[in-house]
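S.K.: Sequence below, structure please.
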Amino acid sequence: LCGRGGLTNHHPGNIFFRKLVRHHQESYLLATKRDKAGVAKGIVDKIRNLNPPGRFLKKASSRGGGDGGGCTVPPPQIG
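M.R.: Okay, the predicted model is just below:
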């Protein structure tokens with residue numbers, strides 16, 4: 001979930017994500033600049049390949065219309 005503070009910090013998906021990132025932290029720190037993206041992509045792929053698949057949400061911009069209080073799913077990255 002997007003946001004800050006206790007509600008999002010205690011969401012099971014965010015807890016799992018932070019645990020997964022900590023698990024890969026050492027390999028990320030030891031990776032070359034070129035390989036860091038691969039470590040990050042591996043984390044994203046693992047989340048998206050869960051059953052049901054995990055998603056990455058981003059807070060909606062208040063400039064984009066609507067009430068600005070919700071979350072939107074960002075478009076997939078190319079490349």
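
S.K.: The protein: helices as residue ranges?
M.R.: Taking DSSP state H as the test, the helices found in the chain are 6-9, 12-30, 33-48.

S.K.: could these be laid out in TSV, adding distance to F56, mean neighbour count and mean pLDDT?
M.R.: Placement of C-beta: from N, CA and C, glycine included. What follows is these, written out as TSV (distance: least, Cβ to Cβ, whole Å; neighbours: other Cβ atoms under 10 Å; pLDDT from 0 to 100):
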stretch	distance to F56	mean neighbour count	mean pLDDT
helix 6-9	13	11	73
helix 12-30	9	12	93
helix 33-48	7	12	94
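
S.K.: Export those helices as CSV, with columns for distance to R55.
M.R.: What follows is these, written out as CSV (distance: least, Cβ to Cβ, whole Å):
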stretch, distance to R55
helix 6-9, 14
helix 12-30, 8
helix 33-48, 8
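
S.K.: Tell me which of those helices lies nearest to K58.
M.R.: helix 6-9 (12.6 Å; Cβ to Cβ).

S.K.: Could you measure from F17 over to K46?
M.R.: Using Cβ to Cβ, to the nearest Å, we find F17 at a distance of 10 Å from K46.

S.K.: Could you name every residue contacting both of the two?
M.R.: The contact sets of F17 and K46 do not overlap (Cβ atoms under 8 Å, 6 or more residues apart in numbering).

S.K.: Show the end-to-end separation of stretch 6-18, please.
M.R.: End-to-end distance for stretch 6-18, by Cα to Cα, to the nearest Å: 14 Å.

S.K.: oh sorry, the question was meant for stretch 45-56
M.R.: Terminal-residue distance, stretch 45-56 (Cα to Cα): 11 Å.

S.K.: contacting residues around the nearest residue to V39 once chain neighbours are set aside?
M.R.: Ranked by Cβ to Cβ, 6 or more residues apart in numbering and with sequence neighbours excluded, the top spatial neighbour of V39 is Y28, at 4.5 Å. Applying Cβ under 8 Å, 6+ apart to Y28 gives the contacts 36, 39-40.
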